[in-house]
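> My questions concern the predicted model and sequence given below.
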Amino acid sequence: MITIFFIPELNNHDVQELWFQKDGTTCHTARATIDLLKDTFGYRLISRFGPVNWPPRSCDLTPLHYFLWGYVKSLVYADKPQMLDHLEDNICRVIADIRPQMLEKFIENWTFRLDYIRDSRGSPMPEIIFKT
């Protein structure tokens with residue numbers, strides 16, 4: 001998928017300022033995969049075994065993984081798409097429907113949590129209610 005779809009699609013865009021974050025799943029960190037992504041993104045690759053290490057598994061530090069993907073996935077699969085075209089249409093629709101206000105709130109909440117983690121030197125955050 002990376003060589004057949006992703007890299008050719010990137011050639012249609014200016015990726016000089018783009019960072020790429022890939023989770024630490026074993027299949028996502030195979031040497032061939034990481035080498036290919038390093039060739040494409042250089043130091044702008046966030047991944048286990050990449051130039052910038054994948055952050056610890058923490059919902060406080062990786063909200064894209066713990067919030068945004070879950071939100072998008074729940075809407076993309078709501079009507080149980082059976083065909084690839086239908087799935088692609090759902091993905092495009094759901095992403096396009098994300099409003100800037102939601103992302104602003106998301107970033108504000110994440111920033112608040114990062115400040116809390118820094119100030120508390122990494123202690124648990126039991127009293128924080130996660131809102132987005």
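Right, received. Where do you want to start?

> quick one, helices of this protein?
Assignment of helices within the chain using DSSP state H yields the ranges 7-10, 31-41, 63, 69-76, 84-97, 100-119.

> Out of the ones you listed, which is the most enclosed?
Each of the helices of the chain was given a mean neighbour count from mean count of other C-beta atoms under 10 Å, and the largest, a mean of 19, is that of helix 63. (Glycine included, C-beta is placed from N, CA and C.)

> Run a quick neighbour tally on residue 50.
21 (other C-beta atoms under 10 Å).

> Skipping adjacent residues, who's closest to it in space?
Across the structure, with C-beta to C-beta, 6 or more residues apart in numbering as the measure, the residue nearest residue 50 apart from its sequence neighbours is residue 34 (5.8 Å).

> got a pLDDT number for that neighbour?
Looking at residue 34, its pLDDT stands at 86.

> wait, doesn't it sit right on residue 52?
No: here residue 34 lies out of contact with residue 52, judged by C-beta atoms under 8 Å, at a distance of 11.8 Å.

> any common contacting residues for those two?
Shared contacts of residue 34 and residue 52, defined by C-beta atoms under 8 Å, 6 or more residues apart in numbering, comprise residue 45.

> coming back round to it: okay if I get the helices of the chain as CSV plus distance to residue 21?
Putting the helices of the chain into CSV (distance: least, C-beta to C-beta, whole Å) gives the following:
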stretch, distance to residue 21
helix 7-10, 15
helix 31-41, 10
helix 63, 12
helix 69-76, 11
helix 84-97, 16
helix 100-119, 14
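
> Could you tell me the least trusted of the ones you listed?
Between the helices of the chain, the one with the least mean pLDDT is helix 63; it has a mean of 66.
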